[in-house]
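Participant: Pasting a predicted model and its sequence here:
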Amino acid sequence: MSLPRQNRIKITATIQAPIDQVWTCWTTPKHITKWNAAVDEWHCPTASNDLRAGGRFSYHMAARDGSVKFDFSGTYDVVTRPKLIQYTLDDDRQVSVRFKEENGKTTITEVFEAETENPVDMQKSGWQAILDRFKHHVESL
């Protein structure tokens, strides 16, 4: 999968944990529901994940006060355990997530196509906030 340069946003985080632990926390619904939100006022009450090429995932995202909710969902294009996940969101945007371990730390690099409703800076900061929460979740285990 090759994303158009002008529409790509890149975020990254280095987690103080081995790649197998990072992969498990990234892909297992019981972990996804603990970290998948950009701010404390939101949460991910349910997640389903069929982690294989052609498999589907769906993460139910909701404001804690019940005012807003949506499903973040799509189809996996490539799954190469524990190094790479590529998927297409239901709105046809593409996402690539790479995992690289070095000296017991794992760096995640996520590249995604921007949507057109919100400013690019807002999208980048939102996705980065989720990735930062993921880092905190893994490192607190």
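Facilitator: Noted; the coordinates are in hand. Numbers count the residues shown, from 1 in each chain.
Participant: Can you show me the strands along this protein?
Facilitator: Secondary structure of the chain by DSSP state E: the strands cover 8-15, 42-49, 56-63, 69-80, 84-89, 94-102, 105-113.
Participant: now the ones you listed in TSV, with distance to residue 140 and mean pLDDT?
Facilitator: (Each C-beta comes from the backbone N, C-alpha and C, glycine too.) Compiled in TSV, these are given as follows (distance: least, Cβ to Cβ, whole Å; pLDDT from 0 to 100):
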stretch	distance to residue 140	mean pLDDT
strand 8-15	11	97
strand 42-49	17	98
strand 56-63	20	98
strand 69-80	23	98
strand 84-89	23	98
strand 94-102	19	98
strand 105-113	15	98
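Participant: got TSV for the ones you listed, with mean neighbour count too?
Facilitator: Listed next are the strands of the chain as TSV, based on neighbours: other Cβ atoms under 10 Å:
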stretch	mean neighbour count
strand 8-15	17
strand 42-49	16
strand 56-63	17
strand 69-80	14
strand 84-89	18
strand 94-102	17
strand 105-113	18
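Participant: Output these as a markdown table; include the columns distance to residue 21.
Facilitator: Conversion of these to a markdown table gives the following (distance: least, Cβ to Cβ, whole Å):
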| stretch | distance to residue 21 |
| --- | --- |
| strand 8-15 | 8 |
| strand 42-49 | 17 |
| strand 56-63 | 20 |
| strand 69-80 | 17 |
| strand 84-89 | 16 |
| strand 94-102 | 10 |
| strand 105-113 | 8 |
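Participant: Touching, residue 41 and residue 66? I think so.
Facilitator: No - with contact defined as Cβ atoms under 8 Å, residue 41 and residue 66 do not form a contacting pair (11.3 Å).
Participant: For these two, work out which one has more neighbours and name it.
Facilitator: Taking neighbours as other Cβ atoms under 10 Å, residue 41 and residue 66 compare with residue 41 leading, 11 against 7.
Participant: Contact partners for the more buried one?
Facilitator: Applying Cβ atoms under 8 Å, 6 or more residues apart in numbering to residue 41 gives the contacts 63, 64, 65.
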